[in-house]
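S.K.: fold the following and give me the result.
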Amino acid sequence: MTTTMNWLMAFPWLLGIALVAWVVSSLRRNAGLVDIFWSLFLLAAALCFWLQGAGNRERGWLVLGLTAAWALRLALHLARRNWNAPEDHRYRAIRARNEPGFVWKSLYLVFALQAALAILVSAPLLAGITSPHPWPSVLDVAGLLLVVAGFVTEAVADAQLAAFQADAGNRGQVMDRGLWRYSRHPNYFGEFCVWWGFFLIAAATGAWWTVISPLVMSLLLLRVSGVTLLEKDIGQRRPGYAEYARRTNAFFPGPRRSA
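M.R.: Just a heads-up that it's a prediction; the model follows:
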């Protein structure tokens, strides 16, 4: 069975999850709930690749385990944050642009699109799980360390922000503590590290072509649905954000700039 066929066999699984996510989100009139399912798309792809077998089992277990830890933590975090929250302003804007009939249009504009992006991003998981290439190599170790570092960064940043937002005294204030002191989006930076780490593990098998995955994720995080979109109007909602932005790196962590 070719690599392409192994890859495409996961896509029906992802479309099935997209359909479930669409039903749930439509019933709750909140298309933003798709964010909860994003990491589960990738976990489903990894499980599908694993069930196809034939790869180096040590590397396969490693990639599957890392994917499961990342996916389940992120899904649970977003479920706690978003399940009973109003629809995110990004999805409200998409809804407004596509009424009437957004509930049906969202099936392909939001949910199927997420599944298609996920199958593309899953390329390093495919290579890492199905390749028989011997384990371990220097690239495997480097990739493992980068995935773990990204996972920890993302988890700590999310926990710090959640604790800050839970304090009523911080309402309307800008989070500029902990990891958020060194980057305006440390959680996105952690996600960036996770996918470049998975790419290094895939590259250890010779699958350099899977660089498409971290490149797509970097584009999404920096220019599409991540930093650029979130900061488009955040200054209007948080008066102190302009000063925070002037002193703090947008993405890559670094020392704060002087006043």
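S.K.: got the residue ranges for the helices in this structure?
M.R.: Ranges of helices in the chain, per DSSP state H, are 3-8, 11-27, 34-52, 57-82, 89-97, 102-106, 113-121, 123-130, 138-166, 186-203, 212-219, 227-230, 234-237, 241-247.
S.K.: for Arg177, find the nearest of these.
M.R.: Among the helices of the chain, the nearest to Arg177 by CB to CB is helix 138-166 (6.9 Å). For the C-beta atoms, the positions are set from N, CA and C on the backbone; glycine is no exception.
S.K.: avg pLDDT for that closest one?
M.R.: Averaged over helix 138-166, pLDDT sits at 97.
S.K.: got the angle for that helix vs helix 123-130?
M.R.: What separates the directions of helix 138-166 and helix 123-130 is an angle of 130 degrees, with axes from the mean of the first three to the mean of the last three CA atoms, to 10 degrees.
S.K.: low-confidence stretches in the chain?
M.R.: Residue ranges of the chain with pLDDT under 70: 1-2, 233, 235-237, 259.
S.K.: can I see the domain layout of it?
M.R.: Using automatic domain parsing, the domain ranges for the chain come out as 1-132, 136-259.
S.K.: could these go into TSV alongside mean neighbour count?
M.R.: Compiled in TSV, the domains of the chain are given as follows (neighbours: other CB atoms under 10 Å):
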stretch	mean neighbour count
domain 1-132	18
domain 136-259	17
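S.K.: quick one, what contacts the residue nearest to Ala207 when sequence neighbours are not counted?
M.R.: Leaving aside its sequence neighbours, Ala207 sits nearest to Ala127 (CB to CB, 6 or more residues apart in numbering; 3.4 Å). Residues counted as contacts of Ala127 (CB atoms under 8 Å, 6 or more residues apart in numbering) are Thr3, Ile201, Ala202, Thr205, Ala207, Thr210.
S.K.: what is the most widely separated pair among these?
M.R.: Farthest-apart pair in the contacts of Ala127 is Thr3 and Ile201; separation 15.9 Å (CB to CB).
S.K.: thought Tyr244 was touching Arg184?
M.R.: Yes. Between Tyr244 and Arg184 there is a contact under CB atoms under 8 Å: 7.0 Å.
S.K.: now Arg184, what are its backbone angles?
M.R.: Main-chain dihedrals, Arg184, degrees, to the nearest 10: phi -70, psi -20.
S.K.: and the end-to-end length of stretch 127-139?
M.R.: 13 Å (CA to CA, to the nearest Å).
S.K.: and stretch 239-250, end to end?
M.R.: 17 Å.
S.K.: got the contact list for that stretch?
M.R.: For stretch 239-250, contacts defined as CB under 8 Å, 6+ apart pick out 172-174, 176, 180-185, 227, 231, 234-235, 256-259.
S.K.: before we move on, what about stretch 163-173?
M.R.: With CB under 8 Å, 6+ apart, stretch 163-173 has contacts from Met175, Arg177, Arg238, Pro239, Gly240.
S.K.: for the fourth one, phi and psi?
M.R.: As for Pro239, its main-chain torsions (degrees, to the nearest 10) stand at phi -60, psi -30.
S.K.: how much space between it and Ala44?
M.R.: The spacing between Pro239 and Ala44, counted by CB to CB, to the nearest Å, is 42 Å.
S.K.: one more: the second one?
M.R.: In this structure, Arg177 and Ala44 are 36 Å apart, going by CB to CB.
S.K.: same thing with the last one?
M.R.: Relative to Ala44, Gly240 is positioned 41 Å away (CB to CB).
S.K.: I'd say Pro214 and Cys193 touch.
M.R.: No. Using CB under 8 Å, Pro214 makes no contact with Cys193, being 9.5 Å away.
S.K.: before we move on, the earlier item: quick check: the farthest pair among the contacts of stretch 163-173?
M.R.: Maximum distance among these (CB to CB): 17.8 Å, for Arg177 and Pro239.
S.K.: backbone dihedrals for Gly254, please?
M.R.: According to degrees, to the nearest 10, Gly254 has phi -170, psi 170.
S.K.: residues touching it, list them.
M.R.: Going by CB under 8 Å, 6+ apart, the list of residues near Gly254 reads Tyr182, Ser183.
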